[in-house]
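**Q** got a predicted structure here, sequence first:
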Amino acid sequence: MTGICAVLEHTGATLHEHSSELLSELVDISRRQPTPAAVCAVLLVSHREELPDISLLPKLGIHHLYILEHPLLAHYSTEGYVNALAWFIQQRTPMLVATSATPYGRDWTPRLAAQLRLPFVPNCLNLDLHSDGLFALRSIYEGRAYIQTRTALHERTALATLVPGVRGVPAKIQQDFASTSTLEITRFVPELQQRNEQERIRRISVQAPSPEEVGLDAAERIVAGGRGVGREGFTAIAAFARLLDAAVGATRVATDLGWVEHARQIGTTGKIVHPRLYIACGISGAAQHTSGMSEAQTVIAINPDRSAPIFALADLGLLGDANQILPLAAKLLEQS
């Protein structure tokens, strides 16, 4: 068994924004092996589909790209991905196949593991391979505690999903890779059966959920409100969140007053979130709330009180009323 594979997602000509984070994690795992293992990327596409921009791969030290081509892979489907990747694993037998814990990644990985009876570890914060075991750091109790697990592999391919946004995008692409690495591309046509007469799932369209429906656990962007915005302020927050494809969050006070449902509460007695962007509107920054969002990558605070504790956590602070600032920011976004 050789090699570590990253299954990358893409939309049109663009790789998923967490691709570099996933690849960097796997490259680090490879370097820690007694004999460094080659890290490859895997893309699933339809026939004649234009490839996304893959210029990032050699810059991260990726030397090999496997492309699985089939008409059934024109759009994501659970059955298509599971069968294509099962075929690939049986052909190549890599040590580890990992992907980001996106909605798609969380969908196909457990089913693939069940189909091939392979060890699988979901929602990892980091990974390591050692002595025929897969070590993983995972969070439990909604991020309030962490555990280190070891999964025995018994010389089988391991499957894992990595929580996006934990490691972050590499601050600097290693230019020495870019000058010395060449990317070898291998195309495969996996053996997939056309079973239109037994089709159980049919793709009709893709529709983004409203901000009120986006789960806080999976949200990469969150716009949250507190007592300072008032009941009416959550209307502006929801409208602004819709522009950003973000989720709506709230403090305990806002949920206790009935302005927002309790499922939207962030904090010690609510959800623990890890978004890439967190916009706090009218939130003072009490410890009960900040304990639930302190691991956000970028925090923007909007508050009229210059002494509000939330500003100590903010990467960018705006002194003012969020009910006035959000409509102005929305106009700027619509004009851009």
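**A** That came in fine, so what should we check first? Numbering: from 1, shown residues only.
**Q** any weak-confidence spans in the chain?
**A** Low-confidence segments of the chain (pLDDT under 70): 1, 142, 168-181, 194-199, 208-212.
**Q** show me the helices in it, by range?
**A** Here the chain has its helices, by DSSP state H, at 19-31, 56-59, 78-92, 103-116, 175-180, 230-244, 252-256, 287-290, 322-335.
**Q** which one, of these, ends up nearest to residue 193?
**A** helix 78-92 (7.8 Å; C-beta to C-beta). (Glycine included, C-beta is placed from N, CA and C.)
**Q** can you give me the buried ones in the closest one?
**A** Going by neighbour count (16 or more other C-beta atoms under 10 Å), the buried part of helix 78-92 is 79, 80, 81, 82, 83, 84, 85, 86, 87, 88, 89, 92.
**Q** residue 8: what's its closest spatial neighbour, skipping adjacent residues?
**A** Computed as C-beta to C-beta, 6 or more residues apart in numbering, the closest residue to residue 8 that is not its neighbour in sequence is residue 19, at 5.0 Å.
**Q** how many neighbours does the one you found have?
**A** If you count neighbours by other C-beta atoms under 10 Å, residue 19 ends up with 24.
**Q** what's the answer for residue 202, then?
**A** Considering only other C-beta under 10 Å, residue 202 is surrounded by 7 other residues.
**Q** against residue 193, how distant is it?
**A** Residue 202 sits 17 Å away from residue 193 when distances are taken as C-beta to C-beta, to the nearest Å.
**Q** grab the nearest non-local neighbour of the most centrally placed residue in the chain.
**A** Nearest to the geometric centre of the chain sits residue 164, at 3.4 Å (C-alpha atoms, centre = their mean). Leaving aside its sequence neighbours, residue 164 sits nearest to residue 18 (C-beta to C-beta, 6+ apart; 4.0 Å).
**Q** which residue packs closest to residue 281, ignoring adjacent ones?
**A** Counting by C-beta to C-beta, 6+ apart, residue 281 lies nearest to residue 322, which is 3.6 Å off, once chain neighbours are set aside.
**Q** can you pull the contacts of that neighbour?
**A** 225, 228, 229, 233, 236, 237, 281, 282, 302, 303 (C-beta atoms under 8 Å, 6 or more residues apart in numbering).
**Q** out of these, what pair is the most spread apart?
**A** The distance between the two most remote of these (C-beta to C-beta) is 14.9 Å, for 236 and 303.
**Q** more neighbours, those two?
**A** Set residue 236 next to residue 303 and count neighbours by other C-beta under 10 Å: residue 303 wins out with 26 against 21.
**Q** quick one: contacts for that one?
**A** Residue 303 sits next to 228, 280-284, 310-311, 317-320, 322 when contact means C-beta under 8 Å, 6+ apart.
**Q** from these, which land in strands?
**A** 280, 281, 317, 318, 319 (DSSP state E).
**Q** for residue 5, see how far away residue 33 is.
**A** Distance of residue 33 to residue 5, computed by C-beta to C-beta: 14 Å.
**Q** compare those two (neighbour count), which wins?
**A** It is residue 5, of residue 33 and residue 5, that has more neighbours when counted by other C-beta under 10 Å, with 24 against 13.
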